[in-house]
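> Following is a predicted model, sequence given first.
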Amino acid sequence: MDVRQLLLLRELAERGSLTAVALALHVSPSAVSQQLAALQRTVATPLTEKRGRRLALTPAGHALAEAAVDVAAALDRAERAVGEHLESRTVPVRVCAFHSAALAWFGPLLSAVGETGGPPVHLADHDVAQEDFPRLVADHDLVIAHRPETGPPWPRRSLHTTHLLLEPMHVALAAGDPLARLRVLRVADVAGRRWISVHDGFPLTGALDAVAVAARHPLDVAHHLNEFAVAADVVATGDAVALLPARTTRPDPRLVLRPLADLDVRRSIDVLARPEALARRGVAEVLALLRGLATP
């Protein structure tokens, strides 16, 4: 088997379409298709199949794409053995995060890297649906992602997960709200309020669903806002309440955050990466700094 063809199959598994693979690798979709066809001729069982207009992997294709992860890791180790320059601290480390994590940690991370003389760090923020976080590792060395604690786990295929933080989600109220005088709330206290939710499919949709289940009736969702800083600003007007992260929400005198005594809602914050990325000294160093920043 041609190693480059194996790695193309892995890219198709992670990026989801020929067009996405071609765009990422700066080649034409037909060139990708030709390479996959050449790989298919070396294997006795179908690796891909048409599903509507998309080219999808068969179970055998997924198995081979997963094996390609080990091939990529082995190639990375071999390349690093050729020269110490691959261990250089001058190679940039690409880090992306969802918005509230970026707001909480990007500044401190850059400060920590500066203090330790660590590698250059290139930052990006991405507001994506939960299922799209794993795909970001194709373009970034470290991806800070989040999901409801009780939601589906991150896929294990070709992905390494480092847990950073299990963060409670508290009810955010305007400081002048009568309920702000209470130190702890119950679901019944807030179930009848107007609420702010994230957009469907995005992380923490399930968190508000848990409140509705506990209340035994649908919530009155007035606004759909993915950015927690914007949600906090709306909450401060007294128009609605929201579930906001207890630790990474920036202090605001206009707001109070109160836990729910009868419902424990938490989100898991994790770092996703390709296994071969973590073999780089600079990436491992930046990951260690992120773990330190997330430690209570």
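Received the coordinates, thanks. Numbering: from 1, shown residues only.

> Which helix or strand in this protein has the lowest average pLDDT?
helix 59-82 (a mean of 83; mean pLDDT, DSSP states H and E).

> what comes up buried for that one?
When burial is assessed from 16 or more other Cβ atoms under 10 Å, helix 59-82 yields the following buried residues: 61, 64-65, 68-69, 71-73, 76, 80. For glycine as for every other residue, the C-beta is placed from the backbone atoms N, C-alpha and C.

> after it comes which helix or strand?
If you walk from helix 59-82 toward the C-terminus, the next helix or strand you reach (DSSP states H and E) is strand 93-97.

> How far away from the center of its chain is that next one?
Strand 93-97 sits 11 Å away from the centroid of its parent chain (Cα atoms, centre = their mean, to the nearest Å).

> Tell me which residues are up against that strand.
Contacting residues not belonging to strand 93-97 are listed as 105-106, 109, 119-126, 136, 139-144, 280, 282-283, 285-286, 290 [Cβ atoms under 8 Å, 6 or more residues apart in numbering].

> Neighbouring strands - and their directions - for it?
The partner list of strand 93-97 in its sheet, established with DSSP bridges, is strand 121-125 (parallel), strand 142-148 (parallel).

> Of those strands, which stretch is the most buried?
Per-residue neighbour counts averaged over each of the strands paired with strand 93-97 give the maximum for strand 142-148, namely a mean of 24 (mean count of other Cβ atoms under 10 Å).

> Tabulate the CA atom coordinates of that one in PDB.
Taking only C-alpha atoms (Å, rounded to 0.1, in the frame of the first residue of the first chain), the coordinates of strand 142-148 have been written out as PDB:
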ATOM      1  CA  LEU A 142      -4.800  21.400  20.200                       C
ATOM      2  CA  VAL A 143      -8.500  21.800  20.100                       C
ATOM      3  CA  ILE A 144     -10.200  23.000  23.300                       C
ATOM      4  CA  ALA A 145     -13.800  21.500  23.100                       C
ATOM      5  CA  HIS A 146     -16.700  21.100  25.400                       C
ATOM      6  CA  ARG A 147     -19.800  18.900  25.800                       C
ATOM      7  CA  PRO A 148     -22.400  18.100  28.400                       C
END
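
> for the helix or strand just after that strand, packing partners?
Elements were assigned by DSSP H and E; along the chain past strand 142-148, the next helix or strand is strand 160-174. Where contact means 3 or more Cβ pairs under 8 Å, 6 or more residues apart in numbering; DSSP states H and E, strand 160-174 is packed against helix 228-236, strand 241-245, strand 255-258, strand 266-273, helix 281-294.

> State the distance from residue 115 to residue 289.
Spatial separation of residue 115 from residue 289 under the definition Cβ to Cβ, to the nearest Å is 10 Å.

> Look at these two and report which has more neighbours.
Neighbours of residue 115 and residue 289, each counted by other Cβ atoms under 10 Å, are more numerous for residue 289; the result is 22 against 9.

> Now for the nearest residue to residue 282 once chain neighbours are set aside: which residues touch it?
By the measure of Cβ to Cβ, 6 or more residues apart in numbering, the closest residue to residue 282 outside its immediate chain neighbours is residue 119, 3.6 Å from it. Contacts for residue 119 were tallied using Cβ under 8 Å, 6+ apart; they are 89-93, 113, 282, 285-286.

> Equivalent analysis for residue 116, please.
285, 289.

> same deal with the one 10 residues further on?
Contacts for residue 126 were tallied using Cβ under 8 Å, 6+ apart; they are 96-98, 136, 143.

> Please report phi then psi for it.
phi -140, psi 120 (degrees, to the nearest 10).

> Give me the distance from the least confident helix or strand of the chain to the chain's centre.
On the basis of Cα atoms, centre = their mean, helix 59-82 is displaced by 23 Å from the centre of the chain it belongs to.

> Then stretch 2-13?
Averaging C-alpha coordinates over stretch 2-13 and over its chain gives two centres that are 23 Å apart (Cα atoms, centre = their mean).
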